[in-house]
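*Asks:* following is a predicted model, sequence given first.
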Amino acid sequence: SAVISQKPSRDICQRGTSLTIQCQVDSQVTMMFWYRQQPGQSLTLIATANQGSEATYESGFVIDKFPISRPNLTFSTLTVSNMSPEDSSIYLCSAGAANTEAFFGQGTRLTVV
Amino acid sequence: GENVEQHPSTLSVQEGDSAVIKCTYSDSASNYFPWYKQELGKGPQLIIDIRSNVGEKKDQRIAVTLNKTAKHFSLHITETQPEDSAVYFCAASSFMDSSYKLIFGSGTRLLVRP
């Protein structure tokens, strides 16, 4: 199974600022995914990040708000831009290769004040 | 698109009893159904999964069943222990586009009473 490390594990940010979350996988993976989990809720997919192409965003999520980078097969970043209190959530990255299970990082708990 | 419904939202059982969590999905193209356990402050951990060419899969105290016709799949935990207390999520995905775009159920908070 892949080991996924996320940084930071938590942060408290001022509204109007941006935070970049890093996701590092210990092996090369084809697909990486970013999810949002609001308090006490389920996981909602934000976007799919494949190496060498632009991220694909789900309905309700836009690149200007959540820019994503995927520079290689083991790393991705998600930026939460121009934050508001409504962006307070847990952000999770997930990774998997073709025909293997999807594994998750431990998440980044973001509080916007 | 896919929609996954999960029941119950909370489940309380006595230690040693069994627990069953049920999910239904809407997209007949879905062919991969994982279950995740999430403990407080941690990311989801894959505990078992099943693919559409299999009706049942078991791993020690945990089993998953799949009814493709009815679009139902269930998680069964036998001989529950206090450390099984967590939030459990089912998910559905299609491999047709070679991605793991998992659609999650709403989650079940399981409490195992000692």
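*Replies:* Done, it's in.

*Asks:* got the phi/psi numbers for A:Glu86?
*Replies:* With angles defined as degrees, to the nearest 10, A:Glu86 sits at phi -70, psi -20.

*Asks:* count the residues that sit near the residue nearest to it when sequence neighbours are not counted.
*Replies:* With CB to CB, 6 or more residues apart in numbering or on different chains as the criterion, A:Glu86 has its nearest non-adjacent residue at 7.8 Å, and that residue is A:Val112. The way it works is simple: take the backbone N, C-alpha and C, and place the C-beta from them, glycine included. Residue crowding around A:Val112 was assessed by other CB atoms under 10 Å in any protein chain shown; the count is 19.

*Asks:* how about B:Pro8: what's its closest non-neighbour residue?
*Replies:* Once chain neighbours are set aside, the closest to B:Pro8 by CB to CB, 6+ apart is B:Thr108, at 6.1 Å.

*Asks:* was I right to think the one you found contacts B:Val87?
*Replies:* Yes: taking CB atoms under 8 Å as the contact criterion, B:Thr108 and B:Val87 are neighbours in contact, 6.8 Å apart.

*Asks:* out of those two, which sits in the more crowded spot?
*Replies:* Of the pair B:Thr108 and B:Val87, B:Thr108 is the one with more neighbours under other CB under 10 Å, namely 22 against 18.

*Asks:* which residues does the more buried one bridge with?
*Replies:* Note on B:Thr108: beta-bridge partners by DSSP bridges are B:Tyr88.

*Asks:* cool, and A:Ala47?
*Replies:* With beta bridges defined as DSSP bridges, A:Ala47 has these partners: A:Trp34, A:Tyr57.

*Asks:* for it, what are its contacts?
*Replies:* Under the criterion of CB atoms under 8 Å, 6 or more residues apart in numbering or on different chains, the contact list for A:Ala47 reads A:33-34, A:55-58, A:61, A:66, A:68, A:78.
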